[in-house]
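In: Output the structure for:
(6 chains)
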4 protein chains.
Amino acid sequence: MKKRQDIIRTATRLFAEQGFDGTTTLQIAREANVTEPLIYYHFEGKDDLFIHIIGEAFQDYHDQLAALPAETASPFDQIQQLVDLHFRFIAEKPDEVFLGFSPCPAKLKDPDRVFAKNIDKKNKWLISYLKKCLQNGIDEKVFHEVPVAETAQLILALIHGIIRQRGLKADAYKHLNAASIDFCRRSLVK
Amino acid sequence: MKKRQDIIRTATRLFAEQGFDGTTTLQIAREANVTEPLIYYHFEGKDDLFIHIIGEAFQDYHDQLAALPAETASPFDQIQQLVDLHFRFIAEKPDEVFLGFSPCPAKLKDPDRVFAKNIDKKNKWLISYLKKCLQNGIDEKVFHEVPVAETAQLILALIHGIIRQRGLKADAYKHLNAASIDFCRRSLVK
Amino acid sequence: MKKRQDIIRTATRLFAEQGFDGTTTLQIAREANVTEPLIYYHFEGKDDLFIHIIGEAFQDYHDQLAALPAETASPFDQIQQLVDLHFRFIAEKPDEVFLGFSPCPAKLKDPDRVFAKNIDKKNKWLISYLKKCLQNGIDEKVFHEVPVAETAQLILALIHGIIRQRGLKADAYKHLNAASIDFCRRSLVK
Amino acid sequence: MKKRQDIIRTATRLFAEQGFDGTTTLQIAREANVTEPLIYYHFEGKDDLFIHIIGEAFQDYHDQLAALPAETASPFDQIQQLVDLHFRFIAEKPDEVFLGFSPCPAKLKDPDRVFAKNIDKKNKWLISYLKKCLQNGIDEKVFHEVPVAETAQLILALIHGIIRQRGLKADAYKHLNAASIDFCRRSLVK
DNA sequence: CATGAATGAGATTTCATTCAT
DNA sequence: GATGAATGAAATCTCATTCAT
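Out: This next block holds a predicted model:
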């Protein structure tokens, strides 16, 4: 059972570092100190292993998104919570987040497009959340009159861009987090 | 000679859509309406084809970077020029830019790490450019007192994030461009 | 193009000798003096190779069945023609016939059950042909009053049984053919 | 101890349905509701399990063959007894008989060719038995003057052919048995 | 008896690349 | 320039079998 975790941990790292297609099952096995067939004992195949990893990451992520204080907080607080959440998640599980925000591997036989739909849904949810916050802020006259759709897209792009920057230290994320919040606040709040 | 262009065009698109490892030479050949050996007539191999594509994109990109009005413009103008440049480039050659800002394929035998070094150099140049602009702005008291390193990284992340968002229409890029500039201006300029 | 035929010939023999599951693609390649990937160049896979072989055999067989002189001949002549046809076919292409009368390999992904349906159709056709001949013979009072369904099944079993006996010489088939015809004639014709 | 029987029963069915090579130990275990290692507790391996099944079937079969009333009966009675015996056996243990009359799996490591020799011996015995009966019948002027070797082979083929027809009901075998006996009698007995 | 976990050997398949023409 | 045929190397996956408990 420990070896199963070794496989998952190693695969997560390698998939994030080299991509799904750039990672071989042999490499995963070697770096996890197991034999190749063990991967097939615990998972149905390379695809299944990947989907399992993504699934777990999504689960965790969605739980945290659902726990966001939706109504009570002020518009900017809500945005800050969203940004903070992502920074926390990045610092904690950089590989998983990276994979979760990467395009679906072309070869992955995903007949029901579970994968693609999840990403799509997640992006739509984030955009919708940001748009709501921005609109509220504008309506309440606490935000400048920014173009809502574009600004939402832009903040999301900022988050994406930070996720893609891998290999930062925990400290660096903390400073970057603070700078990002300040950057957005100055731009949005009157 | 037309077929050579077909190969390059098709390969560029497929590499961007599916990644280097996720794209086979057979697929490139089929979608370009040529036979596989023709790829090897025009290029030394898959790696060479990829490097050629990246190289052309970099060339173009570096030329445009070099043409940025370094000294004369105001600090924010300089930042705007950089952002605008990327937006123009994205709208014009989305696949090439996407590839240029993607991590190097793990399997690419790049003994001298030409590829990796180029990316590194490019990122360092951009960060350094942004830091210089920000420092100037702060020194000239036209910018707020932002943390220079983090803010540079953040603006770069924003650009990266927009590059990763593929599939937008030309019009969408225009609006996003304007919104981004305004967003940054409000945040930076006193 | 010659090598393609070598693959087909070798595979036919090996599939007949050892069964589909008992034959490896490496063995086929070795005995056909080609490399394994060449099999995959000419066919989509082991399954496809097998289906191709069966398909060709069936085609040939069906054409010969269709050429049987249905109406004109006397009831026993019709039966004789059917038996003779099979003996000719066995002597000529023992492996193909053997495969054509074997159960479908369990592992063969045959989603549309083309294979199973073909065998079924063929058996039904043969039984129906034999029943018609027998009924005609009985009605014309040239045959004994045998139970039609069972006797048809029995003659078919005889043919099957001979097909399963592999490794006979051409001469042996000739004598067995004659003996079979005489055996049936004595049993059926008054 | 019950599980041992479950393994044997399931393996027998699967080997008959899918062939030795087409059946995996995992499949046997699953369909017998046991775990794979239990198969290895009760048998030395897949080969051993198969040989055990064949062995039991042969034992039973040989005992019945030995009990055939050799000398006392009339020539045709002897043939009838042989045919009846097979029909009884088929109706009772269709899978075992089917396996007993199938070619030896290519992969079965059978260094002493026990398996192959058994089949050979059995076929030779049957042919020799039938030839003796036929010769006796001809010598006693109760049979037509048929070619002995070919006719023996032919009757054996008939039996083989019926064995290969799987999935018939008990009733169907009864009728087919009667029809077969009548068919042979009319053909042989003056 | 019984099992969950693990593995060595090997089967099927893919793919970048080359050869002969 | 261009191609059909072919291949070495390696990737994914299967399977009979064993080990530790």
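
In: Tell me the spacing between the nearest residue to A:R186 once chain neighbours are set aside and A:Y61.
Out: For A:R186, ignoring the flanking residues on the chain, the nearest one in space by C-beta to C-beta, 6 or more residues apart in numbering or on different chains is B:S187 at 4.4 Å. The way it works is simple: take the backbone N, C-alpha and C, and place the C-beta from them, glycine included. The gap separating B:S187 from A:Y61 is 28 Å, by C-beta to C-beta, to the nearest Å.

In: go on, A:D47?
Out: 21 Å.

In: more crowded one of those two?
Out: Neighbours were counted for A:D47 and for A:Y61 using other C-beta atoms under 10 Å in any protein chain shown; A:Y61 has more, 19 against 16.

In: give me the residue from chain A nearest chain C.
Out: The minimum distance from chain A to chain C, using C-beta to the nearest C-beta, falls at A:P111 (13.9 Å).

In: Quick check: that residue is in a strand.
Out: No. Counting by DSSP: H, G, I helix; E, B strand; the rest coil, A:P111 is located in no strand; its state is coil.

In: What does it show for phi and psi?
Out: phi -60, psi -40 (degrees, to the nearest 10).

In: One more: A:V189?
Out: phi -80, psi 130.

In: same question, A:G19
Out: Backbone phi and psi, for A:G19 under degrees, to the nearest 10, turn out to be phi 80, psi 160.

In: cool, the one 4 residues further on as well?
Out: Main-chain dihedrals, A:T23, degrees, to the nearest 10: phi -110, psi 130.

In: List the residues that contact the closest residue to it other than its chain neighbours.
Out: Nearest residue to A:T23, sequence neighbours excluded (C-beta to C-beta, 6+ apart): A:L14, at 4.4 Å. Residues counted as contacts of A:L14 (C-beta atoms under 8 Å, 6 or more residues apart in numbering or on different chains) are A:23, A:27-28, A:31.

In: How about A:R166?
Out: By C-beta under 8 Å, 6+ apart, the contact list for A:R166 reads A:16, A:94, A:98.

In: circling back: from chain D, how far out is the residue of chain A closest to chain C?
Out: 25 Å (C-beta to the nearest C-beta, to the nearest Å).

In: Pull up the residues of chain A that are close to DNA strand E.
Out: A:1-4, A:34-38, A:41-42, A:107 (C-beta under 7 Å from any atom of the strand).

In: on that earlier part again, tell me the most packed of the contacts of A:R166, by neighbour count.
Out: Going by other C-beta under 10 Å, A:A16 tops those with 22 neighbours.

In: can you list the weak-confidence ranges in chain A?
Out: A:70-71 (pLDDT under 70).

In: ranges for the strands of it?
Out: In chain A, no strands are defined using DSSP state E.

In: ok, for the residue lying farthest from the centre of it, nearest residue in space, not its chain neighbours?
Out: Going by C-alpha atoms, centre = their mean, the residue of chain A most distant from its centre is A:K141, 31.3 Å out. Once flanking residues are discounted, A:K141 sits nearest to A:K190: 7.3 Å by C-beta to C-beta, 6+ apart.

In: got a list of what that neighbour touches?
Out: A:141-144.

In: Is A:F143 in contact with A:R186, as I believe?
Out: No. In this structure A:F143 lies outside contact range of A:R186 using C-beta atoms under 8 Å: 11.8 Å.
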